[in-house]
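[1] Here is the input, now give the coordinates:
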Amino acid sequence: MTEIKHFPPPPGLKAPPLSFGARVGDLLFISGIPGFDANGGLPDGFEAQFANVVTNLKRVLSEAGATMRDLVKVNVLLTRASDVATMNALYAGAFGPPPYPARTTCVVVALPNPQMLIEIEGVAAVKG
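    A predicted model of the protein is given here:
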């Protein structure tokens, strides 16, 4: 039986019943990460939420021994189509330089918290 290693949410962060990441073999599956800050606050602006998502993704990747360059596939969920261009510009800087991970971007009606503007989930290849 293959061992699964779970990466919990940061201490003190109120989160739903999930692992922020789960590793099996050389693959790390990262749950949808919203734009919460370290204290569980959700800023109003899209750019600030995007920056928090990237910070949180990097933390999960680091705990698993990986980096942004190890991401293979990401799914980006946005609640406003008007944020797509801004997301693409911010994404290029945060996930670059090329080559980028494979990506799907969807505009959804809502995320679990009405203030959430973005959520990103992903799969990374982890060595060792």
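
[2] For the rest of this, base every contact and every neighbour count on C-alpha atoms.
    OK.

[3] which regions of this structure sit below the pLDDT cut-off?
    1, 12 (pLDDT under 70).

[4] Where do the strands of it begin and end?
    With DSSP state E as the criterion, the chain has strands at 4-7, 21-24, 27-34, 71-78, 102-107, 118-125.

[5] and the angle for the fourth one with strand 118-125?
    Read it as strand 71-78. Inter-element angle recorded for strand 71-78 and strand 118-125: 170 degrees (by axes from the mean of the first three to the mean of the last three Cα atoms, to 10 degrees).

[6] what helices or strands is strand 71-78 leaning on?
    strand 102-107, strand 118-125 (3 or more Cα pairs under 8 Å, 6 or more residues apart in numbering; DSSP states H and E).

[7] ok, so what distance separates residue 72 from residue 35?
    21 Å (Cα to Cα, to the nearest Å).

[8] who's more crowded, these two?
    Counted by other Cα atoms under 10 Å, residue 72 and residue 35 do not tie: residue 35 has more neighbours, with 28 against 16.

[9] Surely that one and residue 51 touch.
    Yes: under the criterion of Cα atoms under 8 Å, residue 35 makes contact with residue 51 at 7.3 Å.

[10] coming back round to it: most tightly surrounded among the helices and strands packed on strand 71-78?
    strand 118-125 (a mean of 22; mean count of other Cα atoms under 10 Å).
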